[in-house]
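[1] everything below, folded, please.
(chains A and B)
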Protein chains: 2
Amino acid sequence: MSKIKLSDHPTTPPSDLKKKKTESKTIDMIIKIGELQNKLYAEGKQSLLVVLQGMDASGKDGSIKSVFADCNPTGIDTYGFKKPTEEEMAHDFLWRVHQKLPRKGNIMIFNRSHYEDILVQRVHKWIDDERAEKRMRAINAFEDLLQFDNNTRLLKFYMHISYDKQAVELQERIDDPSKNWKHKADDWKEREHWDEYMKCYEYAINESEVPWHIVPSDKRWYRNYFIAKTVLKTLEDMNPQLPALEPEK
Amino acid sequence: MSKIKLSDHPTTPPSDLKKKKTESKTIDMIIKIGELQNKLYAEGKQSLLVVLQGMDASGKDGSIKSVFADCNPTGIDTYGFKKPTEEEMAHDFLWRVHQKLPRKGNIMIFNRSHYEDILVQRVHKWIDDERAEKRMRAINAFEDLLQFDNNTRLLKFYMHISYDKQAVELQERIDDPSKNWKHKADDWKEREHWDEYMKCYEYAINESEVPWHIVPSDKRWYRNYFIAKTVLKTLEDMNPQLPALEPEK
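    Now for the predicted structure:
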């Protein structure tokens, strides 16, 4: 398989796509996603793990809010991985991740994930390359386990925004009072490591056995459309069935 | 590496070993294990996972009680894996195991373990061979993760008793009122699958990357000696150090 280079991938929508028409299609898909999630929960035999990774302000929170808006909160959960706690640091990197996996019938959305342990930690050289490579192999084995032993489907999205677009988004968090709560000075510092992050993302994407979806994320309307379309296709393929009552004996 | 066959391994002590002298050596080792466990806890950088597997009445509980008698309960834990709960069954087989792993500085003793998922489940054909083989690969990756990412040392013991000795032990649980609480009719039923169990144990032992210690377990005094000796050697090799105060600046 040939290796991907992120700089070859667009961060903007295809030029022939109309915004209004696309948004209306997205709304239809969001409703269908809600219907299928209901069936998945009722069936209770398969689960879906959605992993969202991307630079700060690439739209992870916004996508979750939009794409899963029509799901029943019973049966769907989100977990945002933060800086590890002392207890988490006293265990292997997958310890805290394993606990949060979806049970059969459920959807779990990871806002950041086990991939941070080969991204931020590698960029800042808190782990060396050898450790990063061992972790990558452990991730592949871990993701394989979820699939063969728990009927878990994995959907991994890399939210691909441009360097310039990130600056606009981060600046808005300063200028717009309703977004001030999202501002963190550290995000501007992380931005200085942009090229190293791209290299580490490329490594993760290229070495993963479960493929990634690279989402052009500069435009919210196209980003949501892209993710909704992929989620819907996956749920349709999983084809959950409402269990019927057993015939009386 | 050549494959082991359990029937080639003794279940009784070497004939030249004196019981009284061996028991006195075991007591000395148990004290040293306690001292090293204290250092391991104080150091807080490495952990030890002890896995005990064996047929019913092979002495798993008894070994734990004896060998770790001198450890400080702070810093050491035991977990006995029972029939999975409904919540556990709704996840992959390693989900409940991962949560119980020792944090840095601690010893964890598993009384039964993730190996049950390729033993009892395989013997009763609740899983097919393909699933068992995939699980074995997942176990190897999982055990590798603990070692490279959390400084965890693994010690796996197979408690090797003879078919005849098991009958004596199970019968005692019926005859001796102080042991009645351990009697379960199901244990006699499982005994009927002895040969299948031996085959599945041999598979697990032969396919494991982290080697197993096969413990001749017909005699309590030798079994305890064997395990204590192995645990002590491992802790000595881990060589935990009491941290000293940093010099004042």
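[2] from here on, just use CA atoms for contacts and neighbour counts.
    Noted.
[3] check whether residue A:94 really touches residue A:116, as I assumed.
    No - counting by C-alpha atoms under 8 Å, residue A:116 is not a contact partner of residue A:94; they are 10.9 Å apart.
[4] okay, the two: which has more neighbours?
    Each of residue A:94 and residue A:116 has its neighbours counted (other C-alpha atoms under 10 Å in any protein chain shown); residue A:94 has more, 22 against 18.
[5] residues in contact with that one?
    By C-alpha atoms under 8 Å, 6 or more residues apart in numbering or on different chains, residue A:94 lies in contact with residue A:114.
[6] quick one: low-confidence residue ranges for chain A.
    A:1, A:249 (pLDDT under 70).
[7] now do the SS call for the residue nearest in space to the middle of chain A.
    Of all residues in chain A, the one closest to the mean position by C-alpha atoms, centre = their mean is residue A:52, 1.5 Å from it. The local conformation at residue A:52, judged by DSSP: H, G, I helix; E, B strand; the rest coil, is strand.
[8] surely it and residue A:108 touch.
    No - between residue A:52 and residue A:108 there is no contact under C-alpha under 8 Å: 10.9 Å.
[9] up against chain B, what does chain A have?
    Taking C-alpha under 8 Å from any C-alpha of the partner chain as the measure of proximity, chain A contacts chain B at A:87, A:90-93, A:95, A:98-99, A:101-104, A:131, A:134-135, A:138, A:141-142, A:145-146, A:148-150.
[10] pull the CA atoms of stretch A:51-67 into CSV?
    Output of stretch A:51-67 as CSV, limited to C-alpha atoms (Å, rounded to 0.1, in the frame of the first residue of the first chain):
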residue,chain,number,x,y,z
VAL,A,51,-12.3,8.2,16.7
LEU,A,52,-11.9,11.9,16.0
GLN,A,53,-8.3,13.2,15.8
GLY,A,54,-7.1,16.5,14.6
MET,A,55,-5.2,19.7,15.5
ASP,A,56,-6.8,22.2,17.9
ALA,A,57,-9.8,24.0,16.4
SER,A,58,-10.1,21.4,13.6
GLY,A,59,-13.8,20.9,14.5
LYS,A,60,-13.9,17.7,16.6
ASP,A,61,-16.5,19.1,19.1
GLY,A,62,-18.6,20.7,16.4
SER,A,63,-18.8,17.6,14.3
ILE,A,64,-19.9,15.5,17.2
LYS,A,65,-22.6,18.0,18.0
SER,A,66,-23.9,18.1,14.5
VAL,A,67,-23.6,14.6,13.1
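[11] name the residues of the helix or strand where residue A:202 lies that come out as buried.
    Per DSSP states H and E, residue A:202 falls inside helix A:194-207. Buried positions in helix A:194-207, judged by neighbour count with 16 or more other C-alpha atoms under 10 Å in any protein chain shown: A:196, A:197, A:198, A:200, A:201, A:202, A:203, A:204, A:205, A:206, A:207.
[12] against which helices or strands is the longest helix seen in chain A packed?
    Secondary structure of chain A per DSSP state H: the longest helix is helix A:19-43. Other elements packing on helix A:19-43 under the criterion 3 or more C-alpha pairs under 8 Å, 6 or more residues apart in numbering or on different chains; DSSP states H and E are helix A:220-238.
[13] and the residues of chain A next to chain B, which of them are buried?
    A:90-93, A:95, A:98, A:101-104, A:131, A:135, A:138, A:141-142, A:145-146, A:149-150.
[14] restricted to helices, list those residues.
    Among those, DSSP H puts A:95, A:98, A:131, A:135, A:138, A:141, A:142, A:145, A:146, A:149, A:150 in helices.
[15] the fifth one against residue B:139, yeah?
    No - here residue A:138 does not reach residue B:139: they are 11.1 Å apart, not a contact under C-alpha under 8 Å.
[16] so what's residue A:81 up against?
    Residue A:81 touches A:110, A:111, A:112, A:113, counting by C-alpha under 8 Å, 6+ apart.
[17] from the buried residues of helix A:194-207, which is closest to chain B?
    Distance ranking of the buried residues of helix A:194-207 against chain B, using C-alpha to the nearest C-alpha, places residue A:207 first at 16.5 Å.
[18] how many other residues sit next to the closest residue to that closest one other than its chain neighbours?
    Spatial nearest neighbour of residue A:207, excluding adjacent residues (C-alpha to C-alpha, 6 or more residues apart in numbering or on different chains): residue A:136 at 7.3 Å. A total of 21 residues lie near residue A:136 under the criterion other C-alpha under 10 Å.
[19] cool, residue A:3 as well?
    Per other C-alpha under 10 Å, the neighbour tally for residue A:3 reads 10.
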